[in-house]
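fold the following and give me the result.
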Amino acid sequence: MHSKLNFICILLSVFLIACSLMPNDMKTAEKIMDSNPDSALHILEHMHPNQAFMDADRALYGILLFQALDRNNKALQPDSVLNYSINYYSNSSNKVYLATAYYYKARLYKRAQQFDQATLFYLKALDLIRNEKKYSLLGKIYSDMGDICSIQKDYTKSMKKYEESIYFFKLAGDTLEASYKVIDIARMYRFMKDYQKARQFYTKSLLQSPDSFLHGIVYQEIGINYFFAKQYDSAKYFLNKSLLYPYKGTNYAIRCYNLADLYFELNQFDSAFLYANKAMKYPATFFIQRECYRILTNTEYSKGDFKQMATYMSKYQDCTDSVRKIETQTKTTILEDLHQTSSAASKSNQFLIISVFIILIILALSLFIVLTLRIKSNRKQQELKTTEKKLVEKQLVLKHNLIQKLQETRDLHSSVFKKANGTERELIIKEIYNNTLHIDDWEAFKTLMNKTFNNIVGNLESRYSEINKKEILWCCLFLLDIPNNEMLNLLDCKQSSLYKLKYRITIKLQLTTAAELEHLLLELAGEK
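Presented below is the predicted three-dimensional model:
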């Protein structure tokens, strides 16, 4: 009996020691998280939460594990561990831990490129700590939301998020992260084609920190900025320089892809092919992969290897499908407005119902798009013919959508148009086309037409140097089947002048008849 009692006491002692040691390991991991995140992750991965853990310890373990995984740029899993933390802190008074758990849940969705879901969790985290002095966490949340707005091409909103992020990082004393956000703001200026302003911010960030990772990103972004500004020598210098610096995440793939794009623009196809292939060997987003396959497709076309070109084109289409699924997600700005409206109205379940409804719609649309895009053409046809068919169909869809948009805009103005006099009608027509086609903004109009009609403006300008903007405008209006009376108004000419204009275009395009002109334009637009 005495020996049995001793045995039970020994087991109880071992159990209690185990219970006390595990939380101590967790405390150690928490202390070294900022200075040695790899060591913290090693400690946490060798811990096995079970029934010996207190509920509070298991909840904290989930947050620390995801923090360590995120710091080491590892996959955020398993999500069941974090879900336990969320469930526990949802029923506690610790708002900061719950906000932190929401933040890592949002990070998980952001990495999976489910930006609508990520935004909802970022907003939940902000609601909990908006008035707390958790400056570093606030800076990270605004930074991630800025990233999402940038991907969704809401650059003004993105810049505001980055500015808020900088404000909180500076309050937290984290000047390095603040410097990274300066780079992000510079990138927004580049997206908005203000290349000089972008360079100013890149230089500002470069001077703020000696960090080699930051310098690599700055040189990378300066190179890309020069590339978009068509200063190719400077672009090549800085992009090559950025390859010498350490990188995180997808940055190395970004550097190689942009070098490939640069070399392709310079018609150095071997180098373009080399760097596009190299970019694919490193972590990359669907956007980068898609653009690399675009370069590989075009370089194979230049070599005359149409079979390999078709292979890359198929992969390009697969990446495009993935990008489209991302682009169909509800924008952050919309979700944020919905969230704020709901919070102001009440604390009821209304927001949850709206959110679920939106998510279900997004899931249904995503499923519909995936199923539609997976319908393949006859596999027995040659790969090249299949590729060409898809390209033609795409151009026709873009044209149809644009014509439909024009008609919808006309319908909106129909009641005013009927009551207007001749001069007013002309102004209405110009307003319709300016809003829809950007007639008064040549660069925007050119971009839209190139996208809709297989780079029609670029082809006309490069092949026929004598053709002018007005003549190119007529070509685009013809392809859009614009009525003759509206075309006269937009081109500011009379019927007789229109015939002369068409004749001049025929001559400049080295043709003899109007029928040949129309056939050539349809062919250039990819409709023949």
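
what residues of stretch 235-248 count as buried?
Along stretch 235-248, these residues count as buried under the neighbour rule (16 or more other Cβ atoms under 10 Å): A235, K236, F238, L239, K241, S242, L243, Y245, Y247. The way it works is simple: take the backbone N, C-alpha and C, and place the C-beta from them, glycine included.

tell me the one of those nearest S90?
S90 lies nearest to Y247 out of these, by Cβ to Cβ, at 37.6 Å.

what's near enough to touch that closest one?
Listed by Cβ atoms under 8 Å, 6 or more residues apart in numbering, the contact set of Y247 reads F213, G216, I217, R255.

distance of it relative to I217?
Applying Cβ to Cβ, to the nearest Å, the value for Y247 to I217 is 8 Å.

that older thread, among the contacts of Y247, name the buried ones.
G216, I217, R255.

from those residues, which is closest to A186?
Relative to A186, the closest of the buried ones among the contacts of Y247 is I217; by Cβ to Cβ it sits at 10.4 Å.

quick check: that closest one touching Y180?
Yes - I217 is within contact range of Y180, at 7.4 Å (criterion: Cβ atoms under 8 Å).

which neighbours do the two share?
Common contact partners of I217 and Y180 (Cβ under 8 Å, 6+ apart): none.

secondary structure element for the closest residue to K74 other than its chain neighbours, which one?
Leaving aside its sequence neighbours, K74 sits nearest to L41 (Cβ to Cβ, 6 or more residues apart in numbering; 7.2 Å). Under the criterion of DSSP states H and E, L41 resides in helix 37-45.

which other helices and strands does that helix contact?
Contact analysis of helix 37-45 by 3 or more Cβ pairs under 8 Å, 6 or more residues apart in numbering; DSSP states H and E lists helix 2-31, helix 55-71 as its packing neighbours.

pick out the shakiest of these, pLDDT-wise.
Mean pLDDT values for the helices and strands packed on helix 37-45 show the minimum at helix 2-31, a mean of 59.

re earlier: closest to E516 among the buried ones among the contacts of Y247?
When the buried ones among the contacts of Y247 are ranked by distance to E516 (Cβ to Cβ), R255 comes first, at 46.6 Å.

can you pull out the strands in the stretch 201-350 of the chain?
For the stretch 201-350 of the chain, applying DSSP state E, counting those that start in this stretch gives no strands.

below-threshold pLDDT in it: ranges please.
By pLDDT under 70, the weakly predicted segments of the stretch 201-350 of the chain are 322-350.

now the helices for it?
Ranges of helices within the stretch 201-350 of the chain are 212-228, 232-242, 251-265, 269-279, 286-303, 306-327, 332-345, 350-373, based on DSSP state H, counting those that start in this stretch.

tabulate those helices in a markdown table, adding columns for distance to N459.
Below are the helices of the stretch 201-350 of the chain laid out as a markdown table (distance: least, Cβ to Cβ, whole Å):
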| stretch | distance to N459 |
| --- | --- |
| helix 212-228 | 21 |
| helix 232-242 | 22 |
| helix 251-265 | 16 |
| helix 269-279 | 19 |
| helix 286-303 | 15 |
| helix 306-327 | 19 |
| helix 332-345 | 36 |
| helix 350-373 | 28 |
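
S150: which of those is closest?
Nearest to S150, of all these, is helix 332-345, at 9.9 Å by Cβ to Cβ.

run a quick neighbour tally on the closest residue to L437 other than its chain neighbours.
Using Cβ to Cβ, 6+ apart and skipping residues adjacent in sequence, the residue nearest L437 is F445, 5.9 Å away. As a burial measure, F445 scores 20 neighbours (other Cβ atoms under 10 Å).

pLDDT on the host helix or strand of F445, on average?
F445 is part of helix 442-452, with elements assigned from DSSP H and E. Taken as a whole, helix 442-452 has a mean pLDDT of 88.

which other helices and strands contact it?
When contacts are defined as 3+ Cβ pairs under 8 Å, 6+ apart, helix 442-452 packs onto helix 383-419, helix 422-437, helix 456-463, helix 469-479.

let's have these in TSV, adding mean pLDDT, mean neighbour count and distance to K204.
Formatted as TSV, the helices and strands packed on helix 442-452 follow (pLDDT from 0 to 100; neighbours: other Cβ atoms under 10 Å; distance: least, Cβ to Cβ, whole Å):
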stretch	mean pLDDT	mean neighbour count	distance to K204
helix 383-419	75	14	40
helix 422-437	85	16	37
helix 456-463	90	16	35
helix 469-479	89	19	38
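
so which of the ones you listed gets nearest L488?
With respect to L488, and counting by Cβ to Cβ, the nearest of the helices and strands packed on helix 442-452 is helix 422-437 at 9.5 Å.

and the closest one, what does it pack against?
helix 383-419, helix 442-452, helix 484-491.

re the thing from before, quick one: contacts of the helix holding F445?
Contacts of helix 442-452 from elsewhere in the structure, counted by Cβ under 8 Å, 6+ apart, are 395, 398-399, 402, 437-439, 456-458, 469, 473, 476.

ok, so of these, who is nearest F66?
Closest to F66, out of all of the contacts of helix 442-452 and judged by Cβ to Cβ, is L398, at 42.3 Å.

what's the closest non-adjacent residue to that closest one?
Distances taken as Cβ to Cβ, 6+ apart put T452 closest to L398, at 4.5 Å, once the chain neighbours are dropped.

mean confidence for stretch 360-371?
80.

output it as CSV, nothing but the C-alphas.
C-alpha atoms of stretch 360-371 as CSV (Å, rounded to 0.1, in the frame of the first residue of the first chain):
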residue,chain,number,x,y,z
LEU,A,360,-21.7,33.7,-50.2
ILE,A,361,-22.2,35.9,-53.3
ILE,A,362,-18.5,36.1,-53.7
LEU,A,363,-18.1,32.3,-53.3
ALA,A,364,-21.0,31.8,-55.8
LEU,A,365,-19.5,34.2,-58.3
SER,A,366,-16.0,32.7,-57.9
LEU,A,367,-17.4,29.2,-58.4
PHE,A,368,-19.3,30.3,-61.5
ILE,A,369,-16.2,31.9,-62.9
VAL,A,370,-14.0,28.8,-62.1
LEU,A,371,-16.6,26.5,-63.7
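
looks like E291 contacts Y257 (just checking).
Yes - in this structure, E291 is within contact of Y257 by Cβ under 8 Å, at 5.9 Å.

neighbour-wise, which of these two wins?
Y257 (28 against 21).

quickly list the domain ranges of the chain.
29-113, 133-246, 383-524 (automatic domain parsing).

comparing the ones you listed, which comes out most buried?
Stretch with highest mean neighbour count among these: domain 133-246 (a mean of 19; mean count of other Cβ atoms under 10 Å).

now the terminal residues of it, how far apart.
Distance between the two ends of domain 133-246: 33 Å, counting by Cα to Cα, to the nearest Å.

what's in contact with stretch 497-505?
For stretch 497-505, the surrounding residues in contact (Cβ under 8 Å, 6+ apart) are I467, K470, E471, W474, C475, N484, M487, L488, L491, C493, A514, L517.
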